[in-house]
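Visitor: Turn this into a model:
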Amino acid sequence: MDRLNIGVIGTGLIGRLHAQHLSSRIPAARLAAICDTNPVAAAECLAVCNVEALPVFEDYQKVLSDPAIEAVAICTPGEIHGEMIEAAAAAGKHIFCEKPIDYDLPRADRALAAVERAGVKLQIGFNRRFDANFRHVKEAISAGAIGRPHTLHIVSRDPVQDEAEPPADLFLDTTIHDLDMARFLTGSEVTTIYAIGGHMGVPHSADAPDTAVITLRFANGVIATIENSRRSVYGYDQRLEAFGSEGAISVGNESPHQTIVSNRDGVLSSLPLAFFRERYADSYVAEMSAFARCVIEDSKPLVTGMGGRTALVLALAARRACLEERSIAL
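Guide: Here you go, the predicted model:
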């Protein structure tokens, strides 16, 4: 096998992004089909991919029954990820699944058991691990560049979105990325988690904060803080700093250009990139390329199903800690 045939299930924002990359930017893979219960969304995805004679399905079971499709990319809402992983594993398909692995831990465990029985590959979509800047931080920490790590601070603020639409769960949709990144950078597991949150915009429900600060203690002694918001008026704010006994290393925001205008009115530079599609475009290509290679080379995925489960456990614990206003030992 020199190229992996992948069917994309779900053609929302992230599904369309993966389909575009599979159609043009990933040599080790080929876009083999797209699937969405909304035929208009599927047609729009097909148009931007510019691929001739591509099968389009409304029922994902038809993707799973197609012998020409060797793997699937599950890009549907998170609450049905687990059941789709189970079905794909039973059909013998290798699986790339966007985060979270599911919203429910028992469903996630059933999905992992199905993957184990089938002997297929499963990679969870924590694309930030594949970002060049964050990988450099990981390599520097592992090489001892800052000595023994003491603290880690992650800032992850989303731009303000349409208030008319109820947002996805902050902890399961946004914080889960940062929890995975904290584990990745520290190389350790969380022992205690505390979170506090609130409604800084228009509240949709009592248990749906748009702003939160999470504190983590790791088994290796590192103390980490994660700051999340959905109220950033200036763009997609993605920064982190690791501090240790011998120094510190940090990553700042990326912007459309690096020019700075200085005049009598002030010193001006560009705002951060607009949102995740712009900021992490290359990381999405890298993670899907890595998935294709792990299937072709029969190697272990770089982000395993168990890694996805651990991040889910932490996100659920963070949400509970926030709602109950207490720390939780893990």
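Visitor: For the stretch 1-150 of the chain, which segments count as strands?
Guide: According to DSSP state E, counting those that start in this stretch, the stretch 1-150 of the chain carries its strands in the segments 4-9, 29-35, 56-57, 71-74, 94-98, 122-125, 149-159.
Visitor: next one: the shortest one to chain centre, how far?
Guide: In other words, strand 56-57. Taking the mean C-alpha point of strand 56-57 and that of its whole chain, the gap between them comes to 25 Å (CA atoms, centre = their mean, to the nearest Å).
Visitor: just the helices in the stretch 151-300 of the chain please.
Guide: Secondary structure of the stretch 151-300 of the chain, counting by DSSP state H, counting those that start in this stretch: helices at 170, 176-186, 276-279, 281-296.
Visitor: Could you tell me how far the shortest one lies from the centre of the chain?
Guide: Remark: helix 170 is offset 13 Å from the chain centroid, using CA atoms, centre = their mean.
Visitor: Could you do stretch 217-236 as well?
Guide: For stretch 217-236, the distance from its own C-alpha centre to the chain's C-alpha centre is 15 Å (CA atoms, centre = their mean).
Visitor: For that stretch, list the C-alpha coordinates in CSV.
Guide: Once non-C-alpha atoms are left out, stretch 217-236 reads as follows in CSV (Å, rounded to 0.1, in the frame of the first residue of the first chain):
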residue,chain,number,x,y,z
ARG,A,217,-0.7,19.3,39.6
PHE,A,218,1.3,16.6,37.9
ALA,A,219,2.9,13.5,39.3
ASN,A,220,6.4,14.9,38.5
GLY,A,221,5.7,18.1,40.5
VAL,A,222,4.9,20.5,37.7
ILE,A,223,2.1,23.0,38.4
ALA,A,224,0.2,24.0,35.3
THR,A,225,-2.5,26.6,34.6
ILE,A,226,-4.8,26.8,31.6
GLU,A,227,-6.8,29.9,30.8
ASN,A,228,-9.7,29.5,28.4
SER,A,229,-12.1,32.1,27.0
ARG,A,230,-14.6,32.5,24.2
ARG,A,231,-14.6,36.3,24.5
SER,A,232,-11.5,37.3,22.6
VAL,A,233,-12.3,40.3,20.5
TYR,A,234,-8.9,40.5,18.9
GLY,A,235,-8.6,37.0,17.4
TYR,A,236,-7.4,33.5,18.2
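Visitor: same question for it, mean pLDDT?
Guide: Confidence over stretch 217-236, taken as the mean pLDDT, stands at 96.
Visitor: do stretch 291-304 as well
Guide: Per-residue confidence for stretch 291-304 averages out to 97 on the pLDDT scale.
Visitor: Go through that stretch and flag the buried ones.
Guide: Judged by neighbour count using 16 or more other CB atoms under 10 Å, the buried positions of stretch 291-304 are 291-296, 301-304. Where you see a C-beta, it was placed from the backbone N, CA and C, and this is true even at glycine.
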